[in-house]
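*Asks:* sequence and predicted structure below; questions after.
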Amino acid sequence: MATLQLKQIAKRFDDTEVLKGIDLVVNDREFVVFVGPSGCGKSTLLRIIAGLESASSGDLLVDGQRINDVGPADRGLAMVFQSYALYPHMTVEDNMGFSLRLAKVPKGERRAKVREAARILQLEPLLDRKPKALSGGQRQRVAIGRAIVRNPSIFLFDEPLSNLDAALRVQMRIELARLHEELDATMIYVTHDQIEAMTMADKIVVLQAGVVEQIGSPMELYHHPCNRFVAGFIGSPK
Ligand code: ADP
Ligand code: MG
């Protein structure tokens with residue numbers, strides 16, 4: 001179980017404050033989507049949660065424990081990026097098991113975890129292939145598989161589907177929803193795509209210029225936007 005709490009998280013780069021006191025609770029097993037225009041601070045916030053960037057001020061808590069000073073590898077989180085960054089010379093199986101190898105997980109256990117992730121992602125027939133012999137959607141599934149094998153309590157996705165074509169994006173949204181069910185995991189998903197936010201989220205966090213404009217379910221935001229920005233952003237198609 002993992003509940004994540006953000007208290008007044010702020011971030012400045014030089015003189016620019018890109019996050020201005022973010023308060024947020026992500027409950028266990030929730031699918032939370034951060035949505036907002038390009039440059040509003042979504043990736044920075046996700047990187048702070050992942051521990052890849054430190055907050056300038058504010059606290060991060062997992063199950064009530066402050067994790068600001070816990071290293072990224074020890075936070076029980078796994079991040080999936082937009083660029084899959086698979087190792088081209090390694091097979092799918094080795095790509096998926098790489099972090100376990102670094103963590104010195106024994107070969108048999110590694111293999112079992114990779115096989116299980118491959119089953120969940122329907123990648124079993126492709127385990128011996130190299131990334132160049134995969135489609136874009138298959139590569140993205142391998143990148144998700146690398147996260148699954150680590151058995152994280154919280155998954156962080158940064159625009160994982162934005163390199164895929166429209167049809168594949170629709171299919172991957174369905175797969176991610178299924179994954180959320182099957183893994184019983186907490187997921188935080190960043191996108192600038194309103195449709196993704198509306199169709200995937202239990203809870204949407206609308207960001208603009210480093211500020212949370214509104215937090216609510218898709219229906220709450222749609223029917224009761226708190227201001228014109230949210231109304232325009234959620235209401236208007238891309
Ligand atoms: P989003 O993911 O919502 O598009 P980002 O979190 O990537 O937005 O960026 C938010 C703001 O912070 C942008 O203005 C961006 O230029 C700035 N920014 C992000 N990373 C850095 C950095 N390492 N150094 C300086 N400015 C940065
Ligand atoms: Mg971003």
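*Replies:* Perfect, I can see it now. Numbers count the residues shown, from 1 in each chain. Ligands and ions are numbered 1, 2, ... in the order given.

*Asks:* which bits of this protein sit near ligand 1?
*Replies:* Phe13, Val18, Gly36, Ser38, Gly39, Cys40, Gly41, Lys42, Ser43, Thr44 (Cβ under 6 Å from any ligand atom). For the C-beta atoms, the positions are set from N, CA and C on the backbone; glycine is no exception.

*Asks:* out of the residues you listed, which comes closest to Ala147?
*Replies:* Ser43 (16.6 Å; Cβ to Cβ).

*Asks:* for the host helix or strand of the closest one, C-alpha coordinates in CSV please.
*Replies:* Applying DSSP states H and E as the criterion places Ser43 in helix 42-50. The C-alpha trace of helix 42-50 is given here as CSV (Å, rounded to 0.1, in the frame of the first residue of the first chain):
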residue,chain,number,x,y,z
LYS,A,42,4.2,18.5,-14.9
SER,A,43,7.5,16.7,-15.7
THR,A,44,9.4,18.7,-13.0
LEU,A,45,6.8,17.7,-10.4
LEU,A,46,7.0,14.0,-11.5
ARG,A,47,10.8,14.1,-11.4
ILE,A,48,10.6,15.5,-7.8
ILE,A,49,8.3,12.7,-6.8
ALA,A,50,10.7,10.2,-8.5
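
*Asks:* in that helix, what counts as buried?
*Replies:* Lys42, Ser43, Thr44, Leu45, Leu46, Arg47, Ile48, Ile49, Ala50 (16 or more other Cβ atoms under 10 Å).

*Asks:* which among those residues gets closest to Asp193?
*Replies:* Once Cβ to Cβ is applied, the member of these that ends up nearest Asp193 is Lys42, at 11.4 Å.

*Asks:* residue contacts, the closest one?
*Replies:* The contact partners of Lys42, by Cβ atoms under 8 Å, 6 or more residues apart in numbering, come to Phe34, Val35, Gly36, Asp158, Val190, Thr191, His192, Leu207.

*Asks:* the fifth one: what's it in contact with?
*Replies:* The one in question is Val190. Val33, Phe34, Val35, Lys42, Ser43, Leu46, Leu156, Phe157, Asp158, Glu159.

*Asks:* and the furthest pair within the residues you listed?
*Replies:* Val35 and Leu156 (14.7 Å).

*Asks:* among the contacts of Lys42, which one sits closest to Asp63?
*Replies:* Phe34 (20.8 Å).

*Asks:* is it fair to say that closest one lies in a helix?
*Replies:* No: counting by DSSP: H, G, I helix; E, B strand; the rest coil, Phe34 is not found in a helix; it is strand.

*Asks:* which residue is nearest the middle of this protein?
*Replies:* Phe157 (1.8 Å; Cα atoms, centre = their mean).

*Asks:* contacting residues for that one?
*Replies:* Met79, Val80, Leu176, Met187, Ile188, Tyr189, Val190 are the contacts of Phe157 under Cβ under 8 Å, 6+ apart.

*Asks:* for it, list each beta-bridge partner.
*Replies:* Val80, Tyr189 (DSSP bridges).

*Asks:* how near is it to Leu46?
*Replies:* 8 Å (Cβ to Cβ, to the nearest Å).

*Asks:* any common contacting residues for the two?
*Replies:* Met79, Ile188, Val190.
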